[in-house]
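A.B. asks: here is my input; please provide its structure:
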Amino acid sequence: MMDWTDRHDRYFLRLITSRALLYTEMVTTGAILFGDEARHLNFHSDEQPVALQLGGSNPEDLAKCAKIAEGYGYKEINLNVGCPSDRVQNGRFGACLMAEPELVADCVAAMKDATTLPVTVKNRIGIDDLDSYEHLVHFTQTIKDKGCETFIIHARKAWLTGLSPKENRTIPPLKYDVVYQLKKDFPELEIIINGGIQTLEEIDSHLQAVDGVMIGREAYQNPYFLAQIDQRYYGVSDDAPERKEVVEKILPYIDSEMAKGVPLKAISRHMLGLFQGRPGARAWRRHISENAHLDGADTSILKEAAAKVR
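C.D. replies: Okay, the predicted model is just below:
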């Protein structure tokens, strides 16, 4: 979810669901240790609970970043072992690390020694020709032995050569049964499934076999999908705000961010899918897309766009 689940998107999503755990976009260890640390790690307290997803393969660097992240108030540190992009591969992290389970285990151990936060791993079911169930079991066992108790598993393999990152999100077939079997073989682990999940009914079905569900693209493209999450899975009695209430609630945040120099389009781009499936949704998207980038654009653009939706 790189370039998607930034702090503005998370603040927006938190207005729809108060309880779902939100994950940052992947942040590399180099960006934290040698870049603008605060820019990459700061977040609004209203976003909580938030987990930080790290990209890296150097145990010492990951340990330093985990310790720094704990000071910022994150609730979990997640190591990305699933991203298939060329840039990630060139940095020797992401999905290519599935070929090096011992290194991933060392990374997890180093982070666990550096922080009291839970350290989790997000991975694929395999990569390239390393796609046997036996390899997935070996990968899981090796990392489990170093103290990892939670695995978030995208139920597709990744082709690191021949497919683009976008194609790797759709072309390799989903094999939910592989993740189900892993939970049976490792009942003591928390296994969370990810990949292609779009409805509450699908979530209900998966929860019969695994411990949790991660929603990616559907939560971004159709964010109001999350409106029923709190009541259905967390026992929250209050209704989620209506879509237009969400717009009203985010306006003070946008005003505050724009006063710091953040352009409207940096926040409004995350809101395009809010009215998906409702009459006027196209007019909402068009009005924002055509106006949010203009000089002098402010929150009145969102008010005007919302007025077009019934």
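A.B. asks: can we go C-alpha only for contacts and neighbour counts from here?
C.D. replies: Fine.
A.B. asks: ranges for the strands of the protein?
C.D. replies: With DSSP state E, the ranges of strands along the chain come out as 22-23, 27-28, 50-55, 76-81, 119-127, 150-158, 190-194, 212-214.
A.B. asks: make a markdown table out of those strands and add mean pLDDT.
C.D. replies: Shown next, in a markdown table, are these (pLDDT from 0 to 100):
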| stretch | mean pLDDT |
| --- | --- |
| strand 22-23 | 97 |
| strand 27-28 | 94 |
| strand 50-55 | 97 |
| strand 76-81 | 97 |
| strand 119-127 | 96 |
| strand 150-158 | 95 |
| strand 190-194 | 98 |
| strand 212-214 | 97 |
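A.B. asks: export those to TSV and tack on mean neighbour count and distance to Tyr224?
C.D. replies: As requested, these are exported to TSV (neighbours: other CA atoms under 10 Å; distance: least, CA to CA, whole Å):
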stretch	mean neighbour count	distance to Tyr224
strand 22-23	24	15
strand 27-28	21	26
strand 50-55	23	19
strand 76-81	26	25
strand 119-127	25	25
strand 150-158	25	23
strand 190-194	22	19
strand 212-214	18	16
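A.B. asks: in stretch 170-183, what counts as buried?
C.D. replies: Leu174, Tyr176, Val178, Val179, Tyr180, Leu182, Lys183 (16 or more other CA atoms under 10 Å).
A.B. asks: which pair in the residues you listed spans the largest distance?
C.D. replies: Greatest spatial distance among these (CA to CA): Leu174 and Lys183, at 16.4 Å.
A.B. asks: mind putting the strands of the chain into JSON lines with distance to Leu62?
C.D. replies: Shown next, in JSON lines, are the strands of the chain (distance: least, CA to CA, whole Å):
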{"stretch": "strand 22-23", "distance to Leu62": "17"}
{"stretch": "strand 27-28", "distance to Leu62": "9"}
{"stretch": "strand 50-55", "distance to Leu62": "8"}
{"stretch": "strand 76-81", "distance to Leu62": "9"}
{"stretch": "strand 119-127", "distance to Leu62": "11"}
{"stretch": "strand 150-158", "distance to Leu62": "18"}
{"stretch": "strand 190-194", "distance to Leu62": "22"}
{"stretch": "strand 212-214", "distance to Leu62": "23"}
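A.B. asks: closest to His40 out of these?
C.D. replies: Among the strands of the chain, the nearest to His40 by CA to CA is strand 27-28 (7.1 Å).
A.B. asks: that closest one pairs with which strands, parallel or anti?
C.D. replies: Partner strands for strand 27-28, per DSSP bridges, with pairing direction: strand 50-55 (parallel).
A.B. asks: show me the contacts for Ala240.
C.D. replies: Contacts for Ala240 (CA atoms under 8 Å, 6 or more residues apart in numbering) come out as Ile16, Thr17, Ala227, Gln228.
A.B. asks: do you know how far it is from Leu15?
C.D. replies: 8 Å (CA to CA, to the nearest Å).
A.B. asks: then Met271?
C.D. replies: 12 Å.
A.B. asks: which of those two has more neighbours?
C.D. replies: A count of neighbours by other CA atoms under 10 Å puts Met271 above the other of Met271 and Leu15, at 24 against 21.
A.B. asks: how much space is there between that one and Lys166?
C.D. replies: Distance of Met271 to Lys166, computed by CA to CA: 21 Å.
A.B. asks: quick one, what contacts Asp238?
C.D. replies: Contacts of Asp238 by CA under 8 Å, 6+ apart are Gln231.
A.B. asks: re the thing from before, with respect to Trp284, which of the buried residues of stretch 170-183 is nearest?
C.D. replies: Using CA to CA, Leu174 is the member of those that lies nearest Trp284, at 33.1 Å.
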